[in-house]
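Chemist: no sequence for this one, just the structure:
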């Protein structure tokens, strides 16, 4: 594919992006399935308020390095290029949703 044929991910300017750094490919597949379900659930909960992206060290090595991710899973919430929050461990869904909602509400005041 030529560079001009690529379709960039378009994210509205005020939307936040939740980056979920997935475990390495060689890791157990059960946690990956759990994280994928969690990512889908968080996206459904917040709708257009945030964009959830799953990243791994094979397909997105530069991004993983740029965020200096040392443990996976890791969650990083970004808005307008500014990191708002980071957690390098798995948490339960209600706790993650409360944390993200609090940050989104706080940053829009």
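Modeler: Here it is on my side, so go on. The shown structure was predicted, so the numbers you read here are calculated from the model rather than taken from an experiment.
Chemist: can you tell me which helix in this protein is longest?
Modeler: helix 29-46 (DSSP state H).
Chemist: buried stuff in that helix?
Modeler: 32, 35, 38, 39, 42, 43, 46 (16 or more other C-beta atoms under 10 Å). Every residue, glycine included, has its C-beta placed from N, CA and C.
Chemist: same question, stretch 87-98
Modeler: 90, 96, 97.
Chemist: same thing with stretch 67-78?
Modeler: 67, 69, 72, 73, 74, 75, 76, 77, 78.
Chemist: Beta-bridge partners for the nearest residue to the first one once chain neighbours are set aside, please?
Modeler: Counting by C-beta to C-beta, 6 or more residues apart in numbering, residue 76 is the residue found nearest to residue 67 once chain neighbours are left out, at 5.9 Å. Residue 76 has the following beta-bridge partners by DSSP bridges: residue 19, residue 86.
Chemist: Would you mind checking the average pLDDT for stretch 46-60?
Modeler: The pLDDT scores in stretch 46-60 average 92.
Chemist: now stretch 95-108
Modeler: 87.
Chemist: any idea of the angle the strand or helix carrying residue 105 forms with helix 29-46?
Modeler: Residue 105 is part of helix 93-108, with elements assigned from DSSP states H and E. Counting by axes from the mean of the first three to the mean of the last three C-alpha atoms, to 10 degrees, helix 93-108 points 40 degrees away from the direction of helix 29-46.
Chemist: what separates helix 93-108 from the chain centre, distance-wise?
Modeler: When distances are taken as C-alpha atoms, centre = their mean, to the nearest Å, helix 93-108 is centred 13 Å away from the chain's centroid.
Chemist: how close does the residue nearest in space to the middle of the chain get to residue 93?
Modeler: Centroid-nearest residue in the chain: residue 19, 1.7 Å away (criterion: C-alpha atoms, centre = their mean). As judged by C-beta to C-beta, to the nearest Å, residue 19 and residue 93 stand 17 Å apart.
Chemist: Do I have it right that residue 19 meets residue 78?
Modeler: Yes. The pair residue 19 / residue 78 is scored as a contact, 6.5 Å apart, by C-beta atoms under 8 Å.
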